[in-house]
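> Have a look; sequence and predicted model below, questions after that.
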Amino acid sequence: MTASLRLRAAVVSIVLLAVFLGAWHIATRSTGTAANMSPEYAKLMGMTATQGKSAMPGPLDIGAKLWEHLRRPFYDNGPNDKGLGIQLAYSLGRVMLGYLIAVAIAIPLGFLIGMSPLMSKALDPFIQILKPISPLAWMPLALYTIKDSSLSAIFVIFICSVWPMLINTAFGVASVRKEWINVARTLEVGNIRRAFTVILPAAAPTILTGMRISIGIAWLVIVAAEMLVGGTGIGYFVWNEWNNLSITNVIIAILLIGVVGMVLDQMLARVSRLVTFPE
């Protein structure tokens, strides 16, 4: 039954993709006749004006340009001309560093909040005030204090990643069945050992859910952060190509952002399934 459902879902997805690509191709193909104008003026105006070609590139244009990028993903011709592999590596490096710092702080603090009603009540006002603040609102302050654009982007990733993990960890720890904790106390299991052998396995699915939400938010925010700070990264690539009026490269970058985000999400989803057990 499950295999049949997956097969049917795959067929439907392929059909939808084919319909979308076909409609995209039809909408962007040349519809007009070539205009009669001087070669110099035609070169200046481009095919949009001379041949009635749509300003939006079609799927074949995107595919051809994407193949060029895939053939040379790590070229480096200067500050504003680097391969997509290099740009993605910069973005992933910033995301991973900020995300891991958030993991190192949010999970222990979430354990403390989940296990201590006193700390939960004491820290809740601070969490509720800081959590709704847009991560990008911290960027000017980070740039002013840190005085390094790359470190400021990492700080913004940390800020946006910490809250889902913190809240989910605290909720997961606080929701562990009291019977299990009481059995551990009866067996005189110490607090540290109880946290690692009873509470952590029980709360792991909820913690992983928070981590999965955080990595998605971090990948969203890094694009906007790199547009602001410039220099390197997939966000800067999108903005730079927009300034160059290269819509083809912008669309390619958007597709790659989506693919990388999906891969990151599925990696944590797989880990989450590994630690989820039926009660």
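All right, it came through fine.

> what about the chain, any weak spots by pLDDT?
1, 30-55, 278-279 (pLDDT under 70).

> quick one, helices of it?
2-28, 39-45, 47-50, 59-71, 84-115, 117-130, 139-146, 149-174, 178-186, 191-194, 200-229, 234-243, 247-274 (DSSP state H).

> between the first one and helix 59-71, how big is the angle?
Computed by axes from the mean of the first three to the mean of the last three C-alpha atoms, to 10 degrees, the angle separating helix 2-28 from helix 59-71 equals 110 degrees.

> for stretch 102-121, which positions count as buried?
102-103, 106-107, 109-115, 120 (16 or more other C-beta atoms under 10 Å). To be clear about C-beta, it is placed using only N, CA and C from the backbone, and glycine gets the same treatment.

> ok now it, how far from the chain's centre?
Taking the mean of its C-alpha atoms, stretch 102-121 sits 25 Å from the chain's own mean (C-alpha atoms, centre = their mean, to the nearest Å).

> Of all the helices of the chain, which one comes closest to Asn77?
Minimum separation from Asn77 across the helices of the chain (C-beta to C-beta) falls at helix 84-115, 10.6 Å.

> how far away is the closest residue to Pro201 other than its chain neighbours from Gly261?
The shortest distance from Pro201 to any non-neighbouring residue, by C-beta to C-beta, 6 or more residues apart in numbering, is to Val275 (7.3 Å). Shown here: Val275 relative to Gly261, a distance of 22 Å by C-beta to C-beta, to the nearest Å.

> cool, Glu188 as well?
46 Å.

> Neighbour count for the two, which is higher?
Counted by other C-beta atoms under 10 Å, Glu188 and Gly261 do not tie: Gly261 has more neighbours, with 16 against 8.

> which ones are touching the more buried one?
216, 219-220 (C-beta atoms under 8 Å, 6 or more residues apart in numbering).

> Let me know the closest of these to Ile127.
The closest of the contacts of Gly261, once distances to Ile127 are taken by C-beta to C-beta, is Gly216, at 20.0 Å.

> Could you count how many residues lie near that closest one?
17.
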